[in-house]
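1. Pasted the sequence and its predicted model underneath.
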Amino acid sequence: MIKIKNINLKLDDTITCGQIFRYTKEIDNSYTVILSDRVVNLKMDECDLIIKSNNEENLEFIIRDYLDLDRNYELINKKIVEYDNEFKLIVDECTGFKIIHQPKFECLISYIVSQNNRVSMISKVLDNISRKYGKEVIFEGKIYYLFPTIDEIKDCTIEDLRQLKTGFRDKYIYEIINKINNNEFDLNLIDDMDSENALKYLMSNKGIGEKVASCILLFSYFKTDVYPIDTWVKKYMKDTYNIDSIKDIRQYTNNIYKEYSGLCIQYMFHVKRNKSWHK
């Protein structure tokens, strides 16, 4: 067990806001989360984060990176409020909310699976894939399965994926795995792309539209000038500004919040979905 002291983190909001799908809330209000190479249990004790894992090697570094703890959100939030002082109440409510830094391949597959799918079913499908292709890990007496690497899943077939309840997404997953395996597509190239070219690059693959591509860029690459627009964001914009078309939402958000539009959209989503005072 290790402890990261005196951090500004809203663990519940960060874990449960729809960014990730493979976690369990425990009876002690901690969260067990399956990372790319280990299983961790996270719990806040006032301002300290307590972490347990089956693998404690470089654990603090891993968690700081995963929960984006070393990014200066205070400075970013200050800039957002400079852009829009009326958004300050929302920013204050979301202080401590982080964008999780997800593994690229897992995030890619997760959001392909997410299309027209319920959260519970997304989690089940990802667990099915992990159970068939990933490594088994035992943590605190329970068995977990890590999400497979590209090498571990490269020989999958469409029939295999269909049996794992991927539905119509089976062919999209199969095709992208083969493109990565054959060096026809490289997730690492996106690191050096601007958001416009990164969107085009991702959307050149079947089964990846603008919403899926935006989620991948926001949650794996922290490209905060792109973002998904879902039902909760639409409700927020309609109720707050009487703006309801996706085109108008994007125009408003990009004009006001600029390079931090994606983070602001996450704030809107969180507040509209979870805070009764903004229903």
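-> Alright, I've got the coordinates.

2. Quickly find the element holding the closest residue in space to Phe185 that isn't next to it in sequence.
-> Using Cβ to Cβ, 6 or more residues apart in numbering and skipping the chain neighbours, the partner closest in space to Phe185 is Lys179 (4.0 Å). Bear in mind the C-beta positions are built from the backbone N, C-alpha and C, glycine included. Secondary-structure element containing Lys179, defined by DSSP states H and E: helix 170-181.

3. Then Thr24?
-> Since the elements are taken from DSSP H and E, Thr24 ends up inside strand 23-25.

4. got the buried residues for that strand?
-> Tyr23 (16 or more other Cβ atoms under 10 Å).

5. Paired strands for the helix or strand following it, with orientation please.
-> The helix or strand immediately downstream of strand 23-25 is strand 31-34, counting by DSSP H and E. Strand 31-34 has the following strand partners under DSSP bridges: strand 23-25 (antiparallel), strand 39-45 (antiparallel).

6. Tell me the gap between the first one and the middle of its chain.
-> When you say that, I think you mean strand 23-25. Chain-centre distance of strand 23-25: 15 Å, with Cα atoms, centre = their mean, to the nearest Å.

7. What's the separation between Lys124 and Val33?
-> To Val33, Lys124 is 17 Å away according to Cβ to Cβ, to the nearest Å.

8. The two: who's more crowded?
-> Val33 (21 against 16; other Cβ atoms under 10 Å).

9. Tell me who's in contact with the closest residue to that one other than its chain neighbours.
-> Spatially, and ignoring its direct neighbours in sequence, Val33 is nearest to Tyr23 (4.5 Å; Cβ to Cβ, 6+ apart). Shown in contact with Tyr23 (Cβ atoms under 8 Å, 6 or more residues apart in numbering): Ile15, Tyr31, Thr32, Val33, Ile34.

10. again with Thr32
-> Tyr23, Thr24, Glu26, Val39, Val40, Asn41, Leu42, Phe139.

11. Just the pLDDT at the first one, thanks.
-> Going back to what we said before, that points to Tyr23. Note for Tyr23: predicted pLDDT of 96.

12. Ends of stretch 14-25, what's the gap?
-> Start-to-end span of stretch 14-25 (Cα to Cα, to the nearest Å) is 13 Å.

13. buried ones in it?
-> By 16+ other Cβ under 10 Å, the buried positions in stretch 14-25 come out as Thr14, Ile15, Cys17, Gly18, Gln19, Ile20, Phe21, Arg22, Tyr23.

14. which residue ranges form the helices in the stretch 151-279 of the chain?
-> Here the stretch 151-279 of the chain has its helices, by DSSP state H, counting those that start in this stretch, at 158-163, 170-181, 195-203, 210-221, 231-241, 246-257, 261-274.

15. Include mean pLDDT when you put those into TSV, please.
-> TSV is the format used below for the helices of the stretch 151-279 of the chain (pLDDT from 0 to 100):
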stretch	mean pLDDT
helix 158-163	95
helix 170-181	96
helix 195-203	97
helix 210-221	95
helix 231-241	92
helix 246-257	93
helix 261-274	90
